[in-house]
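In: coords please:
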Amino acid sequence: MANVRVERTDDGGFRAVNARGAEVRMGSSDDEGVFTPVELLLAAVGGCNIVTVEPLTAKRGHKLVRLAMEITAEKAEPNLLGPITVTYDVELPSEAADEVYRAVAQRVHDKYCTVSRTLQEGTKVELELP
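Out: Numbers count the residues shown, from 1 in each chain. As a prediction, this is how the structure comes out:
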């Protein structure tokens with residue numbers, strides 16, 4: 001089960017807090033030093049992929065020299081994103097690592113990234129009001 005509490009802060013901003021005490025500040029695109037909710041969604045897609053690809057590639061004997069990614073999306077409508085694109089930025093330790101990295105990254109995208117798979121499949125979001 002996943003659970004995050006989102007709340008307004010005393011300074012009028014917003015934050016998300018998990019049970020382990022981690023905190024992410026959020027706000028609008030006009031606010032400095034915070035993520036927008038859409039940016040957090042994109043970060044979740046990237047984070048889910050990267051934290052899965054890295055250990056699986058290393059486990060197969062190929063510690064990547066550099067592993068980063070850029071996640072982009074344009075708005076299809078004012079309140080709806082179009083396709084999300086994940087672009088890897090990697091430096092491989094050897095030519096042999098290329099095949100392993102590509103296979104792992106594709107498998108993670110297709111089967112193991114919960115965030116991407118949830119978005120692709122579509123998940124109902126239910127609202128409960130007190």
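
In: What number of residues are in the vicinity of Gly46?
Out: If you count neighbours by other Cβ atoms under 10 Å, Gly46 ends up with 21. Every C-beta, even on glycine, is put in place using the N, C-alpha and C of the backbone.

In: what do you get for Val38?
Out: Val38 has 14 neighbours, counted by other Cβ under 10 Å.

In: swap in Glu7?
Out: 9.

In: Helix or strand for the closest residue to Val115 other than its chain neighbours, just tell me which one.
Out: By the measure of Cβ to Cβ, 6 or more residues apart in numbering, the closest residue to Val115 outside its immediate chain neighbours is Cys48, 4.0 Å from it. With secondary structure defined by DSSP states H and E, Cys48 is part of helix 37-59.

In: and after that helix, which helix or strand comes next?
Out: Going down the chain from helix 37-59, the next helix or strand is strand 66-77, by DSSP H and E.

In: what angle separates that following strand from helix 37-59?
Out: 150 degrees (axes from the mean of the first three to the mean of the last three Cα atoms, to 10 degrees).

In: residue contacts, Leu64?
Out: Under the criterion of Cβ atoms under 8 Å, 6 or more residues apart in numbering, the contact list for Leu64 reads Glu54, Thr57, Ala58, Val90, Glu91, Leu92, Pro93, Ala97, Tyr101.

In: Determine the three-state secondary structure at the fourth one.
Out: The reference is to Val90. Secondary structure state of Val90, per DSSP: H, G, I helix; E, B strand; the rest coil, is strand.

In: What count of nearby residues applies to it?
Out: Counted with other Cβ under 10 Å, Val90 comes out at 17.

In: go on, the second one?
Out: Using other Cβ under 10 Å, Thr57 has 24 neighbouring residues.

In: Please report how far it lies from Glu70.
Out: In this view, Thr57 and Glu70 are 19 Å apart by Cβ to Cβ, to the nearest Å.

In: partners of the nearest residue to Gly33 once chain neighbours are set aside in the sheet?
Out: Taking Cβ to Cβ, 6+ apart as the measure, Gly33 lies nearest to Arg25, with 6.9 Å between them; neighbours along the chain are not counted. With DSSP bridges applied, the residues forming beta bridges to Arg25 are Arg15.
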